[in-house]
Structures are given as C-alpha cells and as structure tokens.
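Trainee: Curious how this folds, go ahead:
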Amino acid sequence: MSMFILTIELVPKTSWYSNMRKVMNSQEWDILRKEVYAKYNHHCGICNDPGMLHCHEIWNYDDENHIQTLQGFIALCVMCHHVKHIGYANILAGRGELDMQNVINHFVRVNQCPLTDYTKQHMEAFDKWEERSQFVWNIDLGEYNYLKEKTKCLKILSE
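Mentor: Residues are numbered from 1 along each chain as shown. Next comes the predicted model:
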C-alpha cells in the first residue's frame with residue numbers, strides 16, 4: 001500500500017482507450033460523471049480542490065491473470081488527474097500545453113513529501129507500466145457492466 005494519498009497510476013499500453021467514457025454514449029457518461037462529482041460535493045476526492053473536475057476510473061490490476069477490473073470512480077481536480085496520468089501529462093507538456101513542474105509540485109504539496117519521493121514514485125510507476133504493458137489485459141467492468149448494457153439498449157431504442 002502506498003504511503004501517498006495522490007499516486008501515479010499508469011494504464012498499461014495494451015489497455016489504452018479501454019474506459020467507460022469510450023464504452024458509454026456521451027449523454028450517459030455525462031450523467032455518470034455528474035453523479036460522481038455530486039458524490040464528492042463537487043470537490044476533488046484527493047486534494048479537496050473545488051475547481052474543474054474530471055471523472056477518473058479506479059482500476060484494480062490482477063498481475064497474475066492479467067485482468068483489469070473497474071472498481072469505481074472518483075472526482076479529481078485537473079492537477080490530480082494529471083498526476084494520475086503522468087505519461088499523458090508529459091505528452092501535453094511536450095506540446096507546450098502544460099507545465100510539468102506544476103504537476104510535480106502538486107504531487108509534492110498534496111503528499112507533503114520531498115521531491116525525491118516524487119522521483120521514486122515516478123520511477124516505480126513507469127517500471128510497473130513497462131511490466132504490465134507486455135501483456136494483453138482482459139477488461140472486467142465488474143459491477144459497472146450494467147452501464148455498458150444500458151448504453152447498448154439505449155442505442156437500439158434510438159435506431
């Protein structure tokens with residue numbers, strides 16, 4: 001278990017774009033994300049920031065059987081979300097769309113830790129990402145599978 005309240009969570013390369021936002025239609029996703037924001041009283045579920053929020057999926061990884069299971073959702077501020085998806089944040093920074101130092105500073109501030117802890121967590125996260133990216137993951141939506149089925153039914157009804 002991590003000692004940090006804000007951690008880096010890199011999705012294996014072989015699972016990129018496997019998420020509920022892609023599975024659900026945009027109207028259903030909007031309903032779900034707004035419910036998540038309300039659950040967290042329109043504040044970040046990690047740092048409690050009341051700013052713009054993103055709906056982040058919480059995944060569990062069974063590294064032995066290569067099953068990625070959706071555990072739930074959390075409302076995250078933009079900066080916490082950038083930390084979670086630090087690889088994508090690096091891409092945005094490379095395009096000049098994001099200052100990575102602000103993302104790193106956010107990690108350090110929220111976790112009340114030295115920069116060396118960020119560096120270690122960053123390296124560990126990318127090591128785990130490389131290891132997990134060697135496998136094709138089976139996606140299990142768990143108790144949220146009904147959302148996929150609900151979206152299918154809505155699509156059929158609208159045709």
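Trainee: Spell out the residue ranges of the helices in the protein.
Mentor: When assigned using DSSP state H, the helices of the chain occupy the ranges 20-23, 26-39, 78-84, 86-94, 100-111, 115-132, 145-158.
Trainee: Determine which stretch of those is the most buried.
Mentor: Among the helices of the chain, helix 78-84 has the highest mean neighbour count (mean count of other CB atoms under 10 Å), at a mean of 23. No exception for glycine: its C-beta is placed from N, CA and C like everyone else's.
Trainee: Counting neighbours, what do you get for P50?
Mentor: 10 (other CB atoms under 10 Å).
Trainee: and the residue nearest to it when sequence neighbours are not counted, how many neighbours does it have?
Mentor: Among residues not flanking P50 along the chain, H43 sits closest, at 5.1 Å (CB to CB, 6 or more residues apart in numbering). H43 has 15 neighbouring residues, counting by other CB under 10 Å.
Trainee: is it true that H43 touches D49?
Mentor: Yes - H43 is within contact range of D49, at 6.5 Å (criterion: CB atoms under 8 Å).
Trainee: In TSV, list the helices of the chain along with distance to E64.
Mentor: Shown next, in TSV, are these (distance: least, CB to CB, whole Å):
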stretch	distance to E64
helix 20-23	24
helix 26-39	30
helix 78-84	24
helix 86-94	24
helix 100-111	29
helix 115-132	12
helix 145-158	22
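Trainee: okay if I get those as a markdown table plus distance to P12 and mean pLDDT?
Mentor: What follows is the helices of the chain, written out as a markdown table (distance: least, CB to CB, whole Å; pLDDT from 0 to 100):
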| stretch | distance to P12 | mean pLDDT |
| --- | --- | --- |
| helix 20-23 | 16 | 76 |
| helix 26-39 | 22 | 93 |
| helix 78-84 | 14 | 98 |
| helix 86-94 | 11 | 95 |
| helix 100-111 | 21 | 98 |
| helix 115-132 | 4 | 96 |
| helix 145-158 | 20 | 52 |
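Trainee: so which of these gets nearest L53?
Mentor: Closest to L53 of the helices of the chain, according to CB to CB: helix 26-39, at 5.2 Å.
Trainee: nearest residue to the residue nearest to the spatial centre of the chain other than its sequence neighbours?
Mentor: Nearest to the mean C-alpha position of the chain, by CA atoms, centre = their mean, lies H56 at 4.3 Å. Closest residue in space to H56, ignoring its immediate chain neighbours: L76 at 4.6 Å, by CB to CB, 6+ apart.
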